[in-house]
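**Q** give me the fold of what follows.
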Amino acid sequence: MIVIMGAGGATGGATLRSLAALGAPSRALSRDPARLAAALDDRTLGRTTPLQADAADPESLHRAFRGAHQLFLTMANGPRQVQHELNAIEAAVACGVEHIVKVSAPAAEPDSPVAVSRGHHLIEEHLRSLRVTTTVLRPYAFLQKLLLLAPGIAAGGVVQGAMGQARCNYVDVRDIGEAAAEILTRPELAGGTYPLTGGRAYSYPELAALLGELLGRPVRYLDLAPAALHAHLVARAGMPDWLAAHVVEIQQLAVVRKEVPDDTFTRLTGRAPRTMEAFLGEHLHHFR
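**A** Numbers count the residues shown, from 1 in each chain. Below you'll find the predicted structure:
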């Protein structure tokens, strides 16, 4: 049995759907399982058992993990992420889970300039100290996060960022879900570390040009200083301070470390990843 921790999120939901497409049963954990069940399509719900569990409640985790053999661990970034993931790992190992697939970050290093990535490093190190098979996924920026740019583009035709001409790797969360499902259903893939990107890295000026072409009107990129972008995200986008800082850190990481696409997704699944053009075309109505 496969348990999905973080089933209500984008990556967890994509993994649920991909497992269902392969005919693999799973348990989907959520603080509100009824709400989660209502959001699932019939095919996914037919292969999934939604269960109540809270990462801050070890007793609920033990109930959810009993009899399971694999855990897919993906949780939202936040100040309590490290403790919540460690709680889930401890409960899973205590219940006999043999394989944990953790969604991590590209720069999960002890001295990473990205605070969230330093937290991922701590979690990975703890996993490696345990007698459990560990697989690490390292997805880059989610294409779905580009929808956060839609209001500014729809209102003023402006993309704001702090990356200059640096290129960023993007990946569709649906591709992450498909890669995870392959790993969870093919034992020979367990135990690896897998970077996940799309087929091409994009700079913000290139993204603005592509959106302008698709929309049939000018879209320009406004490059800000990191501090100015942070202030904009807090004051205008309503982000909490830690999240605004995270966005700025991710963009600055792309500036100091050149990002290039990786072919791991194709090697795992046998097909090319979804493209930026296809994603924007699918969601173009948000940007109009």
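**Q** list the buried residues of the longest helix along the chain.
**A** Of all segments of type helix in the chain, defined using DSSP state H, the longest is helix 241-256. For helix 241-256, burial by neighbour count (16 or more other Cβ atoms under 10 Å) applies to 243-255. In short, each C-beta sits where N, CA and C put it, glycine included.
**Q** nearest to Gly192 among these?
**A** Leu253 (23.1 Å; Cβ to Cβ).
**Q** may I have stretch 136-146 exported as PDB, CA atoms only?
**A** Extracted C-alpha coordinates of stretch 136-146, given in PDB (Å, rounded to 0.1, in the frame of the first residue of the first chain):
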ATOM      1  CA  VAL A 136      14.600  11.900  -3.400                       C
ATOM      2  CA  LEU A 137      12.900  13.900  -6.100                       C
ATOM      3  CA  ARG A 138      14.400  17.300  -6.900                       C
ATOM      4  CA  PRO A 139      11.900  19.200  -9.000                       C
ATOM      5  CA  TYR A 140      12.600  22.700 -10.200                       C
ATOM      6  CA  ALA A 141      10.200  25.600 -10.400                       C
ATOM      7  CA  PHE A 142       6.600  24.600 -11.000                       C
ATOM      8  CA  LEU A 143       4.900  25.800 -14.200                       C
ATOM      9  CA  GLN A 144       1.700  26.100 -12.200                       C
ATOM     10  CA  LYS A 145       3.300  28.900 -10.100                       C
ATOM     11  CA  LEU A 146       3.400  31.100 -13.200                       C
END
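**Q** buried set for it?
**A** 136-144, 146.
**Q** show the average pLDDT along it.
**A** For stretch 136-146, the mean pLDDT works out to 95.
**Q** over to stretch 28-40?
**A** With pLDDT averaged residue by residue, stretch 28-40 scores 93.
**Q** measure it end to end?
**A** Its start and end residues considered, stretch 28-40 measures 11 Å (Cα to Cα, to the nearest Å).
**Q** so for it, what gets flagged as buried?
**A** For stretch 28-40, burial by neighbour count (16+ other Cβ under 10 Å) applies to 28-30, 33, 36, 40.
**Q** tell me where the stretch 1-150 of the chain has strands.
**A** In the stretch 1-150 of the chain, the strands defined using DSSP state E, counting those that start in this stretch lie at 2-5, 26-30, 48-52, 70-73, 99-103, 133-139, 141-142.
**Q** so what does the shortest one touch, helix or strand wise?
**A** Spelled out, that is strand 141-142. Here strand 141-142 touches strand 167-171, going by 3 or more Cβ pairs under 8 Å, 6 or more residues apart in numbering; DSSP states H and E.
**Q** how about 10 Å then?
**A** Counting contacts by 3 or more Cβ pairs under 10 Å, 6 or more residues apart in numbering; DSSP states H and E, strand 141-142 packs against strand 167-171, helix 173-185, helix 241-256.
**Q** of all those, which one is nearest Leu130?
**A** Nearest to Leu130 among those is helix 173-185; the distance by Cβ to Cβ comes to 18.4 Å.
**Q** tell me the secondary structure at the spatially closest residue to Asp175 that is not a sequence neighbour.
**A** Computed as Cβ to Cβ, 6 or more residues apart in numbering, the closest residue to Asp175 that is not its neighbour in sequence is Pro273, at 4.9 Å. Of the three states, Pro273 takes coil under DSSP: H, G, I helix; E, B strand; the rest coil.
**Q** Pro273 reaches Arg174, doesn't it?
**A** Yes - with contact defined as Cβ atoms under 10 Å, Pro273 counts as touching Arg174 (9.5 Å).
**Q** any common contacting residues for these two?
**A** Taking Cβ atoms under 10 Å, 6 or more residues apart in numbering as the criterion, Pro273 and Arg174 both touch Leu143.
**Q** the two - which one has more neighbours?
**A** More crowded of Pro273 and Arg174, by other Cβ atoms under 10 Å: Pro273, with 27 against 20.
**Q** on that earlier part again, state the pair within the buried residues of stretch 28-40 that is farthest apart.
**A** Using Cβ to Cβ, these span at most 13.3 Å, a distance reached by Leu29 and Leu40.
**Q** okay, and the common contacts of those two?
**A** With Cβ under 10 Å, 6+ apart, Leu29 and Leu40 have common neighbours 7, 50.
**Q** contacts only, for His283.
**A** Applying Cβ under 10 Å, 6+ apart, we find His283 in contact with 143-144, 146-147, 150.
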